[in-house]
Each structure stands twice: as structure tokens, then as C-alpha cells.
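Q: here's a sequence, model it:
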Amino acid sequence: AAKLEEATAKQLQDEARLADKKATLIAKKLKPLEAQLSAAREELRGPAASLAEARHDAAEAREELEGAEGKLEKKKQRFDKWEELASIPPDMLSSMDVTADPCIDYFEYACGRFERRAEIPDYLTTWSLHWDEVRLAMINRTVGLLATDDGEAAMYYQSCMDVDAIEREGAAPLETWMQAVDEVKDRRTLTQLLVTMGLYNMGAFFSWSVQPDGMRPGHHMVEITQSSLSMPGPGWFVNHGDKYDKRREAFVEHVASVFGMVGMDPDRAREEAELALQVEAEVARHRLTAKQKRYARLVRLSVAELEVLNDGVDWAAFFEGLGMDAVVNGTASLALVDAGNVGAMKANLFDRFEYGQMRSYLKWKLIRAYAKYLPHAIHAAVDASRTGVPPSVGREAAARSPRWKRCYYTVVDALKEATSKLYVDHYFKHQTLQVVADMLTMVRQAFAEELASLPWMDAGTKERAEQKLSMMGFEVGYPGGWPGLSSRDELRLRKDAFFDNHLKLQVMLGQRERQKLTEAVDKHDWIHPAINTNAYYNRKKNALYIPVGVLNPPFFDPSFPPARQLGALGSILGHEMTHGFDNHGSHYDGKGQYRNWWDAATYEEFEKRTRCVADEFGGFEFQPGEMVDGNLTLGEDIADNGGLRMAHRAFTSQYGGGDPAADRLFFLSFAQMWCAASEPGARHVQGVHPPKRWRVIGTLQGSEAFADAYKCPS
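A: Got it, this is the predicted structure:
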């Protein structure tokens, strides 16, 4: 083992010496190579530095190029923006906030500048660009005619403006009425007073009207509904709490002051004011809300059945006294809008109160009805009872609507045909009628194409819907033949007898209303005056009415480009057509008959889509702390969506699509119809229309054509 170990060590030493020799040899060979490598590195040092410098220069150049391209793109966008704005008519551009993003807040984009700069009249809390400004211009023109003409409407207007004559007459015109109320002592005399009031087109405890019969197309019927209230809503009469108690106390004070003005001593005036409040509180207690009334279904019944429901009035004597024998003998239908309220009236009113107590309410009801035809002090005090604001305090008195404007509305309310004809004869451009008629044809054709393309509507329902659309009547501008127009000789109006003129007119209007019971429904008979600035659809006549008010700029002008015409007026036409198929109009057929013409499965699909619309608008804020009631506004929301869609379809079908600038003008014209400004902090009561901001945003956010026009993300 020792020898083996010695031999191994010697072998390892020999191998180590051999490795040293090889390493020395390799080192000798590497030395010149290292020198060469060092020289090569030295030679490369210059080009590498140049390359790094070149790379740095290139990066800087790239950054400079990208910056230049960005600036160029911004300039291009700015140029495109100004090019787009340059194509917008100046009167529309002046209302816009072009810094707003149209895809985020189109109301601000279309109306922002107007909203901030609008001057709201002292007697209003809101002001709209189209509706209010057009309305004011038309009123000013019409008032100029009424002040100088000698027709029936002018006589009535001039008597309204004769304040001295009204003040001289004082409360004397009420004496006969107060005496008539004092005669009420039992059911017979109460019924007789209600008949007398009805002959003068008034009512108490309930209201009545003659309407087209939805179950018998072409015929008229009588509808009985709830009476109007002296304060804005039933809550002020029946709710508990400090604010309600204070409001009712203020109401009694105002009513007592009015009673004093018509001759009552202070103690009696106070006592009768408190009784009037107690009776009216029961009138209000079972009243339908606006939403309930909108969805209420008529309850048809005979006069005998009405007697069983509520025998506080001799109903047969009431209708016969008004000359409505057709209701008593059953040849004309009778229906209740709110059967529950009429039934409750029996126990809450006629069984609870003595006739002497009811007389206080009846006197107040008559004074309220006649207040605006009496001296200013009485009118102002009656207004104060409604608003809760004393006549000498605040907006309601200090900044009231000027008298000439109130007289205008009084005249139009009583003599809508005569006042409208006066305006039409002097100002309306009759060649406009054909242009609008052509537009209606275009929109109806677009509507028919839309119906034909609906995948969820079965063939039978689709056929009946198309038939209803084809039967829809169009009244443009003013009534054909001016039905109901009378003459001053017939009425014998005087320019110095305002109250007497009013009585004559109410007798005439009541006679015309009751006369309809024996006449066929006339589509030419307009509900609203032709000088109104609001189109409307009548589902019982299956007809839409386009008054001269909306045939004025900025709604419409024959010189407007098609995009602007159809975006504004075209959307209005489509809106009214769509009402024929909304959640209310869908229950009536082409003849105006209330009946179910839908396939059950199709109607389920329809309701699914209406719920979607209600949910969408129910997600918008009405005012701080209060959301929009999407079910209350549903009919108008459906009509807004349908109107826009049909008008745009008509526009692209007639004039071709693919022009983003024209599309943008179309949508801007639609949106600016709803430009409006409100006073900061103004509180509003919810109605059937959503706030104007959401009429724009809520309608447009579902439009693919709008998104394409403004390149909005999906």
C-alpha cells in the first residue's frame, strides 16, 4: 500500500508539471491575440459612441414627430369641430355649450348656454326656449288684434281690460247667486242649484262633461268625475302635521276675508269659512291622485244605479234639468271616472252635513268660479287661498302675470275658435299646410315600415295596428269649417260688461256641450284652440291635431333644411302618432273603440317593453331627493321614443342616410325643443311629462343612430 501510494503521488506530480507546460504554451499563444482584441476594441469604441448618439437622436426625433402628429390631430379635431359647428344655424348655436361631451350630457351640449343665460319672467319659475318663446310671440300678436278688432273675441277681451268698470260693479254680480244658495234646504233645492250651476257650465261636489263614447264609436256620453279643489292637492285638506295645520288656518283666514268682501260680517264670515273647509275636506278625502286618475277605468251605469250608489242628488231631475234626457232614457251612456269617490260622497257629505253647512261650501265654490271676473281684491284673495301666500307678499301678487295676458287666456278659454280664426286670418301662411301634410305622410309611412318589421308582433295584431294607423285622422293648422263659431250679434257682448259677457258665454258653451249628446262625434271639433303651442292626439277619435302654434319657428319653417324640420316638427308628429299605440292608446282600435285587439302573447311582449321604459325613466332624478315616477310618465316617454325613431326613419328614407352632419342637426333640433331653465331651488310637482333634461337624455341614450352620429361608445 505504501509503494502504491508513492507511485500515485509521483504520477500526479508528473501530470501537474505537464499541465504547467501546456498552460505556459497557451499563454504565449494568447498574448498576441489579446493584443489584437484590445486593438479591435479600441477601434470599435468610436462607432459605438456614434451609434448610441444616433439612437438618442432618433428617439428625440420620434418624440418630436409624435408630438407634431398629436398637435396635428388636435388641430384636425378642432377644425372638424368648428366645421361641424359652422354648419349649425346661428340661432341654434347660441343656445349650445359646445364644451360639453354630447355622448355624456346631450342636454348640456344642446341647451347649456340657454339654461345659464335665459331670463325667466318674474311670474314664472321656468322658461323654455321653444314652447314659451313661441307662445309669448303668438300671444303678443293676438292681443294686438283683440285690442283693435270688433268681433266677439275682441269685445270679450276689451271688457276684461276695462278694470274701472269691473271695480265699479264690485261684488254686486254675486248677489243673485248667493241668494240662490240660501234657498238650498233639502235634496230637491240642492239638485235645483246644481242644475242652475250646470246651465252656466259650473259644478260642485263633482264635475261632468260630454265626451266621445269609447265603447260606441261616433257617439257621445256623459262622464262624471271629481270636483276641483281650492288648494293644490287633497293632502292640504286631510293630512296631519304642523305645516298642514298652518296652511289650513291660513286658508280659513283668506276665505273669511273673501266672504267679508261680498257682504258677510266678520263673525259669520269666519264661521262659514271654517264650514267651507270642513265640507271641502270631505270632497278631497277620497279623491284620486293624478297617477290613479290617469289609469282609472270608467264604470258605466244607469241613472237608477247611480241613485243607489249616491242618492244625495236627484240624478234624474239633474240630467233632465240640464236637457240631457238622453242620459235618463239610456240612449246616451253615463260613466263614472271614480265610482269610489262618488259612492263615498253619500256617507261623507250628504249624510254627514246639514244643508246649512253645505251652503257655506257652495258659496265659496261659486265665488272661486267667478273670482277672476270680479274686482282685483277678491281675485287676489282667492288666489291667496290657493297658494297660501298673502295677496301683498311674494311672487304671486307682486309679480303676477300682467292683466292683458290673463285676459288673453280668459278669452281663448271661452272663444277658442273665434280667437284662433282671428290669428289665422292675419298671420298664418296657408301654403304651410301642404308641407306639413307631406311630412305627416312621410312619418306615417315610416311608422308603417316600423310596424311591419317588428319581430315580436304576431301577424294578426300587426294587421290591426297597420289598419289603425291608416285610419288615423290628421288635422293641421286649424279646424276644418270652424265648427261652433258664433257671432257677436248672437251673443250681444259689450265691451263694458265683463261679468255679464262671461255669463252669456258660459250659457252658450254649456248648451254646445250638452247638444253633443244628440250629435255624432266630429273629428273637426278641436278640444284645444288652434293657436295653442301643443299638438295632441285624441284616442277616442283616433286623430291627431297639429295647431298653428307649432308651425312657427323654431319648431318649423318651410325654409329649414329637412334635418331640422323632421328633427323638431317631425318628432312631434311621430310623438302624437305613437300615442295611438302607447300604454293608453293601445286599448283603442282604429275607430276609437275601447276594446282588446291584441294577441295575448304579443301584448305580453308589448308590456315587457313598456316596463323597460318605465324602469329607465324611473332611474332619473326628478329633483333632489325625488325620482321620476316612470309609470306616471310612461305614455309620454313611449311617445318621445317612438316619435324620434319614426321621424329619423322618415328622414333617412326620404333624404338618404350616411351624412353625419345632417344626422347631428336632426338630433340637435329634437333636443332643443326641450331647452329650458329653472330658478335655483324651484320645486315642481310631478306630472305626466318627465323633466325636460331627461326627455332629451333618456330618449337619445337608446338611439343607435344618435350614437353613430356622434361616435359615442356603445
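Q: distance of residue 567 from residue 673?
A: Separation of residue 567 from residue 673 (Cβ to Cβ, to the nearest Å): 9 Å. Every residue, glycine included, has its C-beta placed from N, CA and C.
Q: could you do residue 665 as well?
A: Counting by Cβ to Cβ, the separation of residue 665 from residue 673 is 13 Å.
Q: do residue 184 as well
A: Distance from residue 184 to residue 673, by Cβ to Cβ: 50 Å.
Q: of these two, which one has the most company?
A: Taking other Cβ atoms under 10 Å, residue 184 and residue 673 do not tie; residue 673 has more neighbours (25 against 20).
Q: for this structure, what's the longest helix?
A: In the chain, assigned by DSSP state H, the helix with the most residues is helix 2-86.
Q: C-terminal to it, what's the next element?
A: helix 90-93 (DSSP states H and E).
Q: next, the contact list for residue 174, please.
A: Residues near residue 174 by Cβ atoms under 8 Å, 6 or more residues apart in numbering: 262, 366-367, 370, 374.
Q: need the max-distance pair from those.
A: 366 and 374 (11.1 Å; Cβ to Cβ).
Q: can you list the neighbours in contact with stretch 286-304?
A: 214-215, 223, 225-226, 229, 234, 309, 315-316, 319, 327-328, 330, 333-341, 344-345, 348, 584, 629, 631-632, 635, 686-688.
Q: now do the end-to-end distance for it.
A: One end of stretch 286-304 to the other measures 23 Å (Cα to Cα, to the nearest Å).
Q: run the chain-centre distance for it.
A: 23 Å (Cα atoms, centre = their mean, to the nearest Å).
Q: dump the contacts of residue 174 to JSON lines, plus distance to residue 280, neighbour count and pLDDT.
A: Below are those laid out as JSON lines (distance: Cβ to Cβ, whole Å; neighbours: other Cβ atoms under 10 Å; pLDDT from 0 to 100):
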{"residue": "262", "distance to residue 280": "18", "neighbour count": "19", "pLDDT": "94"}
{"residue": "366", "distance to residue 280": "13", "neighbour count": "21", "pLDDT": "97"}
{"residue": "367", "distance to residue 280": "13", "neighbour count": "24", "pLDDT": "97"}
{"residue": "370", "distance to residue 280": "17", "neighbour count": "22", "pLDDT": "96"}
{"residue": "374", "distance to residue 280": "20", "neighbour count": "24", "pLDDT": "97"}
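Q: looking at those residues, which one is closest to residue 705?
A: Distances from residue 705 to these, taken by Cβ to Cβ, are shortest for residue 370, at 53.3 Å.
Q: now for the host helix or strand of the closest one, which elements pack on it?
A: Using DSSP H and E, residue 370 maps to helix 355-370. Other elements packing on helix 355-370 under the criterion 3 or more Cβ pairs under 8 Å, 6 or more residues apart in numbering; DSSP states H and E are helix 175-182, helix 187-199, helix 242-261, helix 266-285, helix 376-387.
Q: out of those helices, which is closest to residue 413?
A: Of all those, helix 376-387 comes closest under Cβ to Cβ, at 15.6 Å.
Q: from the chain's centroid, how far away is that closest one?
A: Helix 376-387 sits 28 Å away from the centroid of its parent chain (Cα atoms, centre = their mean).
Q: before we move on, what about stretch 409-422?
A: 23 Å.
Q: with stretch 650-669 instead?
A: 25 Å.
Q: just stretch 202-210 next, same as before
A: The answer for stretch 202-210 is 26 Å, by Cα atoms, centre = their mean.
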